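Chemist: using only what follows, build the 3D model:
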Amino acid sequence: MTAEFVHLRLHTEYSLVDSVVRVEELVDAVLAAEMPAVALTDQNNLFGMVKLYRAALARGIKPIVGVDLLVRESGERAPPSRLTLLCQSEIGYRNVTRLLSRAYLEGQQRGVALIDRRWLSEDTLRGLIALSCATEGDVGRALVNGQDAEAERACAFWRALFEDRFYLELQRVGRPGEEEYIAGAVALSARHSIPVVATNDVRFLKPEDFEAHEARVCIHEGALLADSGRVRRYTDVYKRQDPQCA
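Modeler: Next up, the predicted model:
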């Protein structure tokens, strides 16, 4: 059987803010789904990399090393956007470690490690593939807000750095503005020949894990699980991605 889908955006329990996925259980699930590879993209850390490598290679699965970064945006109140980097080579891995180290040493804001765009260049991003992070990236945020010109500028910025190694992510995970984003992203892709990739932004493996996951999110955010007014960024509904988008 030829795999139709490989997860490229996935947080484990090492992303303390929002995931309950354990590496060993992840590898079992990937093997059961007959996927040949899986990426681990924890937020701002590579803590699970060695464990994933050992467990995946032992089961005949290709591990893909990555990281989910927070990028500082201009404006005092502007929340950071996201960018996911996947390592193509040892050079890419070394570049990721340098960026993460710099984020913790120089880029912290209110205890959160952020990447500054001024640190990014062809050299510091060599050996890396970039994913746009759908509605959580700067391109997606602009599209959801109807700022098409800003989305164009953001795409041009990333394409100048990554060339054909920048991918627009397409996701259907129940977040507001998804359909508007997908339409805008597909249009951008067609206009500028930017490749697209389908992802699922995994935080838990089974629907029954959803409540435990939500409890972890609430602990991090200082919110009450029963608060009907809290922001809900995740859903327990699994929606399979269209393999033709990958």
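
Chemist: pull out the buried residues from the longest helix along the chain.
Modeler: Longest helix in the chain, counting residues (DSSP state H): helix 90-106. Within helix 90-106, the residues that qualify as buried are 92-93, 95-96, 99-100, 103, counting by 16 or more other CB atoms under 10 Å. Backbone N, C-alpha and C define where each C-beta goes, glycine included.

Chemist: with just CA atoms, put it into PDB.
Modeler: The C-alpha coordinates for helix 90-106 follow below in PDB (Å, rounded to 0.1, in the frame of the first residue of the first chain):
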ATOM      1  CA  GLU A  90      22.800  18.300   8.800                       C
ATOM      2  CA  ILE A  91      23.400  21.900   7.700                       C
ATOM      3  CA  GLY A  92      19.700  22.600   8.200                       C
ATOM      4  CA  TYR A  93      19.700  20.900  11.600                       C
ATOM      5  CA  ARG A  94      22.700  23.100  12.700                       C
ATOM      6  CA  ASN A  95      20.900  26.200  11.400                       C
ATOM      7  CA  VAL A  96      17.800  25.300  13.400                       C
ATOM      8  CA  THR A  97      19.800  24.800  16.600                       C
ATOM      9  CA  ARG A  98      21.400  28.200  16.100                       C
ATOM     10  CA  LEU A  99      18.100  30.000  15.600                       C
ATOM     11  CA  LEU A 100      16.600  28.300  18.600                       C
ATOM     12  CA  SER A 101      19.500  29.200  20.800                       C
ATOM     13  CA  ARG A 102      19.400  32.800  19.700                       C
ATOM     14  CA  ALA A 103      15.600  33.000  20.300                       C
ATOM     15  CA  TYR A 104      16.200  31.900  23.900                       C
ATOM     16  CA  LEU A 105      19.200  34.100  24.500                       C
ATOM     17  CA  GLU A 106      18.200  37.300  22.600                       C
END
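
Chemist: and after it, which helix or strand comes next?
Modeler: Next helix or strand after helix 90-106 toward the C-terminus (DSSP states H and E): strand 108-109.

Chemist: and the helix or strand following that next one, what does it pack onto?
Modeler: Later in the chain than strand 108-109, the nearest helix or strand by DSSP H and E is strand 112-113. Contacts defined by 3 or more CB pairs under 8 Å, 6 or more residues apart in numbering; DSSP states H and E place strand 112-113 against helix 90-106.

Chemist: for the helix it packs on, what is the average pLDDT?
Modeler: Averaged across helix 90-106, pLDDT comes to 97.

Chemist: show me the shaky parts of the chain.
Modeler: 1-3, 206-246 (pLDDT under 70).

Chemist: so the closest residue to residue 194 other than its chain neighbours, which state does it fall into?
Modeler: Leaving aside its chain neighbours, residue 194 sits nearest to residue 168 (5.5 Å; criterion: CB to CB, 6 or more residues apart in numbering). Recorded secondary structure, residue 168: strand (DSSP: H, G, I helix; E, B strand; the rest coil).

Chemist: quick check: the gap between residue 168 and residue 201.
Modeler: Applying CB to CB, to the nearest Å, the value for residue 168 to residue 201 is 14 Å.

Chemist: of the two, who's got more company?
Modeler: Taking neighbours as other CB atoms under 10 Å, residue 168 and residue 201 compare with residue 168 leading, 27 against 23.

Chemist: who's the more buried one bridged to?
Modeler: Beta-bridge pairing of residue 168 under DSSP bridges involves residue 196.
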